[in-house]
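Trainee: Structure of the sequence below:
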Amino acid sequence: MSKLKYRTMEELINADIPRPIPLLGSWLTTEQINMVYAPSGVGKSMFALSLGLAVAGGGEFLGWKCDEPHKVLIVDGEMGVFDLQERVKLLSSTISGIDLTSANQNLSFLAFQDQSTSTDWPVLSNDEDHEVILDRIRKEGIKLVIFDNLSTLAQVDNENDASSWNDTLHLMRMISRTGCAVLMVHHTRKGNTKGDASFRGSQVLSVLLSCSIRLLPVEGAGTSFTLEFDKFRNKKSRETDTRNVTLSEAGWEYEIPQLGKVYEVIEAIRSREYASQKEVSEGLKWSTGEVSKVLRKAYEQGLFTSEEKQKCFEEAKDVREDNQAFFDDF
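Mentor: Numbering: from 1, shown residues only. Down below sits the predicted model:
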């Protein structure tokens, strides 16, 4: 067994530590542990499979681009193999810009229903089975593993008992240590069919998450849901905006609601054209109350801070003074 590694602050600062590799957009990178959760039938498996296809084939999904194809493993605990085959055929045609040759080579499946009755199936909550999955990840150089779904694959005795998840969480940490990202597919709590509650089981699952994505059902044709990032460790951006998503015969479609005004205000302030909030409202032809409301939303979303706003206003005043001095001298 290797010895524990210690670093001084100086060693840490000066170490050549590689950055995590972007897998899809900038929000999904290697070494992350992530979760997507929703009530049954909303489309979380369709979402996860499509995301896996985009990463494996270098395509674009819901506005998130994969610049370089990477190897992906999907561990499926419940779907029939025929159904899985049909979904792959359907969804591979919905990913814009996908390289099917790369996807065919990079995307692999470990499905419970694909095994013989005499095959030992690895259970996530059993630490003796962990090496089966870790060995595959190391040997194949897999950069993203998707577990669909957590309840069928972990098989814990009591989902609400935090300690019941210890071995499962340990596996997720070990996978992350290999340089691979994790996406766990999970359900919301029973009885919350509108998806307005948290995921099923102990909230200890959220401790290690880089991000969690909640899918809220929306009435409509085909598969429709609202996608929300309800946890994100890094700085939020347009990539983590709420999305209204629909999967129909035309493929995946999405729109980003409401937050358009947030970015309009942020961009106006960052332009350094306005030296106060009142000037922003006059420039955008909005009421001062509307600007204040939108700014509060920006603060809540972690997209902007009052300190940055004030700094921009001060710099706008400095720019005006410099311009006025220039014209006075002229």
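Trainee: Mind splitting this structure into its structural domains?
Mentor: The record, using automatic domain parsing to delimit domains, assigns the chain the ranges 18-255, 260-329.
Trainee: Please identify the most buried of those.
Mentor: The highest average neighbour count among those, using mean count of other CB atoms under 10 Å, belongs to domain 18-255 at a mean of 18. For every residue, glycine as well, the C-beta is placed using N, CA and C.
Trainee: And that one, end to end?
Mentor: Its start and end residues considered, domain 18-255 measures 34 Å (CA to CA, to the nearest Å).
Trainee: Repeat that for stretch 203-219.
Mentor: Using CA to CA, the two ends of stretch 203-219 sit 28 Å apart.
Trainee: Check the average confidence over it, would you?
Mentor: Stretch 203-219 shows a mean pLDDT of 90.
Trainee: With stretch 156-170 instead?
Mentor: Computed over stretch 156-170, the average pLDDT equals 92.
Trainee: can you check stretch 101-118 too?
Mentor: 97.
Trainee: Give me the below-cutoff pLDDT ranges for the stretch 151-300 of the chain.
Mentor: Across the stretch 151-300 of the chain, the ranges flagged by pLDDT under 70 are 191-197, 220-222, 258-260.
Trainee: where do the strands sit along it?
Mentor: 181-187, 211-217, 223-232, 243-248, 251-255 (DSSP state E, counting those that start in this stretch).
Trainee: Turn those strands into TSV, columns for distance to V294.
Mentor: Below are the strands of the stretch 151-300 of the chain laid out as TSV (distance: least, CB to CB, whole Å):
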stretch	distance to V294
strand 181-187	32
strand 211-217	22
strand 223-232	18
strand 243-248	19
strand 251-255	18
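Trainee: Dump the domains of the chain to JSON lines, plus distance to R7.
Mentor: JSON lines is the format used below for the domains of the chain (distance: least, CB to CB, whole Å):
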{"stretch": "domain 18-255", "distance to R7": "15"}
{"stretch": "domain 260-329", "distance to R7": "30"}
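Trainee: nearest to L12, of those domains?
Mentor: Across the domains of the chain, L12 has its closest neighbour in domain 18-255 (14.2 Å, CB to CB).
Trainee: Make sure A111 is actually in contact with M79.
Mentor: Yes: using CB atoms under 8 Å, A111 is in contact with M79, at 6.7 Å.
Trainee: Show me what F61 is bridged to.
Mentor: Beta-bridge partners recorded for F61 (DSSP bridges): W64.
Trainee: Make sure it is actually in contact with A48.
Mentor: No: counting by CB under 8 Å, F61 does not reach A48; the two are 10.8 Å apart.
Trainee: how about the helices of the stretch 201-330 of the chain, start to end?
Mentor: 260-270, 277-284, 288-300, 306-329 (DSSP state H, counting those that start in this stretch).
Trainee: I'd like those helices laid out as CSV, including distance to G41.
Mentor: Below are the helices of the stretch 201-330 of the chain laid out as CSV (distance: least, CB to CB, whole Å):
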stretch, distance to G41
helix 260-270, 30
helix 277-284, 42
helix 288-300, 30
helix 306-329, 42
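Trainee: Relative to L247, which of the ones you listed is closest?
Mentor: Using CB to CB, the helices of the stretch 201-330 of the chain put helix 260-270 closest to L247, at 23.1 Å.
Trainee: helices or strands next to the closest one in the packing?
Mentor: helix 277-284, helix 288-300, helix 306-329 (3 or more CB pairs under 8 Å, 6 or more residues apart in numbering; DSSP states H and E).
Trainee: export the first one as CSV, just CAs?
Mentor: The C-alpha atoms that make up helix 277-284 are tabulated as CSV, following Å, rounded to 0.1, in the frame of the first residue of the first chain:
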residue,chain,number,x,y,z
GLN,A,277,-28.4,51.8,-10.8
LYS,A,278,-30.7,54.7,-11.7
GLU,A,279,-28.7,55.3,-14.9
VAL,A,280,-29.0,51.6,-15.7
SER,A,281,-32.8,51.8,-15.4
GLU,A,282,-32.9,54.9,-17.6
GLY,A,283,-30.6,53.3,-20.2
LEU,A,284,-32.6,50.1,-20.4
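Trainee: quick one, which of the helices of the stretch 201-330 of the chain is nearest to E128?
Mentor: The nearest among the helices of the stretch 201-330 of the chain, by CB to CB, is helix 288-300 at 44.6 Å.
Trainee: just how off-centre is that closest one within its chain?
Mentor: 25 Å (CA atoms, centre = their mean, to the nearest Å).
Trainee: Which neighbouring elements make contact with it?
Mentor: Using 3+ CB pairs under 8 Å, 6+ apart, helix 288-300 sits against helix 260-270, helix 277-284.
Trainee: Please convert those helices to JSON lines, extending it with distance to T188.
Mentor: Formatted as JSON lines, the helices and strands packed on helix 288-300 follow (distance: least, CB to CB, whole Å):
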{"stretch": "helix 260-270", "distance to T188": "27"}
{"stretch": "helix 277-284", "distance to T188": "38"}
